[in-house]
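heads up, no residue letters with this:
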Ligand SMILES: C[S@@+](CC[C@H](N)C(=O)[O-])C[C@H]1O[C@@H](n2cnc3c(N)ncnc32)[C@H](O)[C@@H]1O
Ligand SMILES: [Zn+2]
């Protein structure tokens, strides 16, 4: 399944480490994950979401507010008879660990080491690794499906690791996602701009919008705010104003697109 992130040769799993024939080796951490991100692949010392964002994500998602999305993604994958799947940009693993209950072999990676540490400490069934979506250390044609949920796009790499009949399921924010939060933070609120559906190496099979309203608790709202970029772009008094007010209903608005690999 794995290839060496340095020389691209097969990686063998030897007890507590992964190693290639050229002796590049990668230790399995106490939590069970392996770091396959070469230092040269890092743009900063700790790329990706930080611990604060990841912990907030875990707390918020465990509140079940996005459970409907999880169910939809699992149902879609089931309709394609998926056995081996990779969750790209999985963060703390909310979707991954529940997909691992439904599918035989689940692999997941994120560029954030702290996120993978947290994910692998809780879920012993999926295989977690630190890597970038732009250099996935998985061999060609090895997986039936890739999921990319609110995570960076890397169509060429996704197509490379997918089998000929493989599918890509992506979830992106639709126009009104978290609108009420933006309305409380900004004077002139714009709807989210949709990413275009065309994708290199892929043909679109379906597109479905999932839109509903949910009312987070105060703690839920704080965690939701902290897992979005809005929190970090808002001055302290603005942050406090949003969090000290009455609780309010928020729109969840997702676009779920399914693609097949172009032949
Ligand atoms: C908005 S979060 C979504 C996480 C998760 N899929 C979810 O929906 O809960 C985006 C994630 O992408 C990760 N990320 C950013 N750049 C990445 C890259 N080049 N390769 C892999 N993951 C990346 C971040 O660290 C972060 O955990
Ligand atoms: Zn190597």
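Here it is on my side, so go on. Computed from a predicted structure; not experimentally measured. Ligands and ions are numbered 1, 2, ... in the order given.

Okay, now the unreliable bits of the stretch 51-200 of the chain?
Across the stretch 51-200 of the chain, nothing is flagged by pLDDT under 70.

Please, where are all the helices along it?
In the stretch 51-200 of the chain, the helices defined using DSSP state H, counting those that start in this stretch lie at 51-62, 67-79, 94-102, 113-122, 155-161, 179-185.

Comparing these, which stretch has the densest surroundings?
helix 113-122 (a mean of 22; mean count of other CB atoms under 10 Å). Glycine gets a C-beta too; all of them are placed from N, C-alpha and C.

Show me what that one packs onto, helices and strands only.
Applying 3 or more CB pairs under 8 Å, 6 or more residues apart in numbering; DSSP states H and E, we find helix 113-122 packed against helix 51-62, helix 94-102, strand 105-110, strand 127-130.

Reformat the ones you listed into TSV and put distance to residue 21 next to each item.
TSV is the format used below for the helices and strands packed on helix 113-122 (distance: least, CB to CB, whole Å):
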stretch	distance to residue 21
helix 51-62	35
helix 94-102	30
strand 105-110	22
strand 127-130	19
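
so which of those gets nearest ligand 2?
strand 127-130 (14.9 Å; CB to the ion).

How many residues are close by residue 149?
22 (other CB atoms under 10 Å).

Oops, could you answer that again for residue 223 instead?
Using other CB under 10 Å as the criterion, the residues surrounding residue 223 number 23.

And the helix or strand hosting it, how far out from the chain middle?
For residue 223, the enclosing helix or strand under DSSP states H and E is helix 218-226. In terms of CA atoms, centre = their mean, to the nearest Å, the centre of helix 218-226 is found 19 Å from the chain centre.

What of stretch 73-88?
So, by CA atoms, centre = their mean, the centroid of stretch 73-88 is 14 Å from its chain's centroid.

picking that back up, contacts for the helix holding residue 223 next, please.
Contacts of helix 218-226 from elsewhere in the structure, counted by CB atoms under 8 Å, 6 or more residues apart in numbering, are 52-53, 56-57, 59-60, 63, 65, 178, 181, 216, 231, 239, 242-243, 247, 250.

related to what we said a few turns ago, dump the helices of the stretch 51-200 of the chain to JSON lines, plus distance to ligand 1.
What follows is the helices of the stretch 51-200 of the chain, written out as JSON lines (distance: least, CB to the nearest ligand atom, whole Å):
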{"stretch": "helix 51-62", "distance to ligand 1": "5"}
{"stretch": "helix 67-79", "distance to ligand 1": "9"}
{"stretch": "helix 94-102", "distance to ligand 1": "5"}
{"stretch": "helix 113-122", "distance to ligand 1": "5"}
{"stretch": "helix 155-161", "distance to ligand 1": "10"}
{"stretch": "helix 179-185", "distance to ligand 1": "15"}
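
Now whichever residue of the chain sits closest to ligand 1: phi and psi?
Going by CB to the nearest ligand atom, ligand 1 is nearest to residue 48 of the chain, at 2.7 Å. Note on residue 48: its backbone torsions stand at phi 90, psi -170 [degrees, to the nearest 10].

List the contacts of the nearest residue to it once chain neighbours are set aside.
Residue nearest to residue 48 in three dimensions, not counting chain neighbours: residue 112, with 3.0 Å by CB to CB, 6 or more residues apart in numbering. Residues in contact with residue 112 (CB under 8 Å, 6+ apart) are 46, 47, 48, 49, 50, 54, 91, 130.

Filter the residues you listed down to the buried ones.
Buried members of those, counted by 16 or more other CB atoms under 10 Å: 47, 48, 49, 54, 91, 130.
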